[in-house]
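> 3D model of this:
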Amino acid sequence: MLVAAAVCPCPPLLVPEVASGAAHELDTARAACTDAIGVLAAARPDLLVVIGPAGPEGRGPYPQGARGSFRGFGVDLDVRLGRPLPDAPAQERGLPPSLAVAGWLLGRTEWSAAPVEALGVEEPLAAERCLTTGRQLAARADRVALLVMGDASASRTLKAPGYLDERAAGFDAEIARALATADVAALRALDENLAHELKAAGRAPWQVLAGAAESATLSGELLYEDAPYGVGYLVAAWS
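Model (predicted):
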């Protein structure tokens, strides 16, 4: 059963080495992510599952200790998904960027509260598939926690990756409200087409969360909400 969840944005810019001179601009977001992960640890889960958006090559499961890298962003920095397990088989695939950011976040909090696994979710995954995946994850252990990585719209300003779309602010505001109130029904009902048009990479992971939380009674708290660089970043904790 799901006992806690943390929702964090997943831009590689969260990693100071990637952001370089602009690192301070996301200090507040980083602090909020640390607080959200603290909520997960306080829930004393038996299993932590990290969910993040991924392309076709990055979808699927990743074991504890899987490696990720930010070399593709010009930074000589490698991370792991939690502490490596002794005698674990070699993992050929590297973590997709969203899960590498999660690995970095967990590393800076020295996560040791529970075993950790990850799942890369491809952006076009249909809502019902996301919900089914969430239900299956929640049934994995008596006490399951989720770290859900994903950005809101990328269309908040003229310089945003998706250019300015007047629908973006309202879309992000509804996501923020749903996360703040642990509104499972609202996440379940997200418009897949609109999310795709607004380049909201978090849509599928949020709907996995909705599926996992269907049988849980959790309250939510919004810890951070902003749109630096024209992209909606949200941090929330459910417990």
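> okay, now residue 228: neighbour count?
17 (other C-beta atoms under 10 Å). Yep, even glycine has a C-beta here, placed from its N, CA and C like the rest.
> hmm, I typed the wrong one, I wanted residue 85.
Residues near residue 85, counting by other C-beta under 10 Å: 11.
> tell me the confidence at it?
Residue 85 carries a pLDDT score of 82 in this model.
> thought it was touching residue 116?
No. In this structure, residue 85 is not within contact of residue 116 by C-beta atoms under 8 Å, at 10.2 Å.
> just the helices in the chain please.
16-19, 27-42, 97-108, 127-138, 168-181, 184-188, 192-197, 203-212 (DSSP state H).
> would you tell me which of those helices gets closest to residue 75?
With C-beta to C-beta as the measure, helix 16-19 is the member of these nearest residue 75 (4.7 Å).
> would you mark the buried spots in stretch 103-112?
For stretch 103-112, the neighbour count (16 or more other C-beta atoms under 10 Å) marks 103-106, 109, 111 as buried.
> from these, pick the one nearest residue 32.
residue 105 (10.8 Å).
> quick check, central residue of the chain?
Centroid-nearest residue in the chain, with C-alpha atoms, centre = their mean: residue 149, separated by 0.7 Å.
> okay, and the beta partners of that one?
Assessed by DSSP bridges, residue 149 has beta-bridge partners residue 8.
> that one reaches residue 100, doesn't it?
No. Residue 149 lies out of contact with residue 100 (C-beta under 8 Å); the separation is 9.8 Å.
> for the protein, which spans come out with low pLDDT?
88-91 (pLDDT under 70).
> please tell me how far the residue in the chain sticking out farthest from the centre sits from residue 95.
Distance to the chain centre peaks in the chain at residue 87, reaching 28.2 Å (criterion: C-alpha atoms, centre = their mean). The gap separating residue 87 from residue 95 is 20 Å, by C-beta to C-beta, to the nearest Å.
> just residue 213 next, same as before
Taken as C-beta to C-beta, the span from residue 213 to residue 95 is 24 Å.
> again, but for residue 122
15 Å.
> which one's more surrounded, the two?
With neighbours defined as other C-beta under 10 Å, residue 122 and residue 95 compare such that residue 95 has more, 27 against 16.
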